[in-house]
Structure formats: C-alpha cells, structure tokens
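Chemist: what follows is a protein structure lacking sequence information:
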C-alpha cells in the first residue's frame, strides 16, 4: 500500500491493560487505508505526570496509511471512544490512549493536532518501544534518530518489558522496574 509511515503509541492502565493494547492494535489494523506493519513488545511503564495511579502498559506500532493525519487522528479517537475512553483528567488513568507520534517526516501544528508529538522526545515509555521498532527513524524537527533521542534522555522513569508467557501466570509487581 502506498502512503505515509506513521508511528502510534498505545497505552492503557484500566481494566485489562494488556488486552486493551492488543485490541487497539487489532482495531487499528481493521481500519480502511491503514496497514499495521509492526508492533513493539509490550512494556509495563511507570505513570508520568500523575503518579498516584496503576502502572501503564505501552507499545508502539508502525503503520502505513493513505489517510491524512487529521483523518487518521479522528479514526484513532473513534477507536478510543469505542473502547470506553473517558477524558476525565490530563495524564490520568485510561482504558486506552492512542497518540500519533510521527507521520512520515511531516510536521503539523494546529489547534487539533501536533506532529511530531510534542512530548515524544521527553518520554522513556514512548522512546523505548519506538526505538525497538524504528531506531534509525529521524525525528523531523530535531534531525536525530530515535536511538539518539533515547540515548540522550534524562527521563529515568521505569520501563519493563512484559514477558507475555509469565504475564498471564504472575501477579504484576508494581515495585520492580528495569531501566532500559
């Protein structure tokens, strides 16, 4: 499929976060004019901004789309709504969160959409999974690779890869964090 290669961060910390993230990938894959090319591993991540909540599960997907960035955003927001997303408080708990991180080498800045995502370069929970699938992708505003952004990151928040075999058989350990 021709189109723009985009990266979307997926996150959840309510209900079944692993199931929510995997379901979101399925729903994005089912969109017309969107092909999911790859998904990072799932990561258990420390909350950022509002720390008095459960850890998140995050991953990043690479998708090729012929949708405009704004229509892609509307499609992702519809998936969030369909999955029960309630926008109660900034950085608060959520069933699902879908953020367009990058849309090719495009930069977009208007009242409804900012691309590249304005916090992308500051967040370990985004850069670790993004670096897993696209370490050499160059940030269009900064001119450096995702790996270089991760290597220079000051954020030391916890990011732990989820072993899917043990995720179903062991209780989450909120005290154990690995710094990747």
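Modeler: All right, it came through fine. Since this is a predicted model, take the numbers as computed values, not measurements.
Chemist: where are the low-confidence patches of this protein?
Modeler: Counting by pLDDT under 70, the ranges of the chain that qualify are 1, 50, 91, 165-180.
Chemist: one more time with 80, if that's ok
Modeler: Across the chain, the ranges flagged by pLDDT under 80 are 1, 48-52, 86-92, 164-180.
Chemist: show me where this structure has strands.
Modeler: Remark: strands assigned in the chain by DSSP state E are 4-12, 34-39, 43-45, 56-65, 97-103, 108-109, 114-115, 159-161.
Chemist: now render the ones you listed as TSV, adding distance to residue 144 and mean neighbour count.
Modeler: Yep, even glycine has a C-beta here, placed from its N, CA and C like the rest. Listed next are the strands of the chain as TSV, based on distance: least, CB to CB, whole Å; neighbours: other CB atoms under 10 Å:
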stretch	distance to residue 144	mean neighbour count
strand 4-12	15	23
strand 34-39	22	17
strand 43-45	22	25
strand 56-65	18	24
strand 97-103	13	23
strand 108-109	20	12
strand 114-115	17	19
strand 159-161	20	19
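Chemist: output those as CSV; include the columns distance to residue 150.
Modeler: Listed next are those as CSV, based on distance: least, CB to CB, whole Å:
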stretch, distance to residue 150
strand 4-12, 14
strand 34-39, 18
strand 43-45, 13
strand 56-65, 12
strand 97-103, 13
strand 108-109, 23
strand 114-115, 19
strand 159-161, 10
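Chemist: quick one, which of those strands is nearest to residue 78?
Modeler: Nearest to residue 78 among the strands of the chain is strand 97-103 (9.9 Å), distances taken as CB to CB.
Chemist: contacting residues around that closest one?
Modeler: 4, 6-12, 24, 28, 60, 69, 72-73, 76-77, 79-80, 85, 113, 115-117, 120, 126, 130, 137, 139-140 (CB atoms under 8 Å, 6 or more residues apart in numbering).
Chemist: apply 7 Å and report the result again.
Modeler: Contacts with strand 97-103, where a contact means CB atoms under 7 Å, 6 or more residues apart in numbering, come from 4, 6-12, 24, 69, 72-73, 76, 79-80, 115-117, 120, 126, 130, 137.
Chemist: over to stretch 26-36?
Modeler: 1, 8, 25, 61, 63-67, 75, 79.
Chemist: which single one of these is nearest to residue 147?
Modeler: Of all the contacts of stretch 26-36, residue 147 sits closest to residue 61, with 18.3 Å by CB to CB.
Chemist: for that closest one, which residues make a bridge with it?
Modeler: residue 8, residue 39 (DSSP bridges).
Chemist: on that earlier part again, now the contacts of stretch 26-36 in a markdown table, with distance to residue 55?
Modeler: Listed next are the contacts of stretch 26-36 as a markdown table, based on distance: CB to CB, whole Å:
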| residue | distance to residue 55 |
| --- | --- |
| 1 | 35 |
| 8 | 20 |
| 25 | 19 |
| 61 | 20 |
| 63 | 25 |
| 64 | 31 |
| 65 | 30 |
| 66 | 35 |
| 67 | 32 |
| 75 | 27 |
| 79 | 22 |
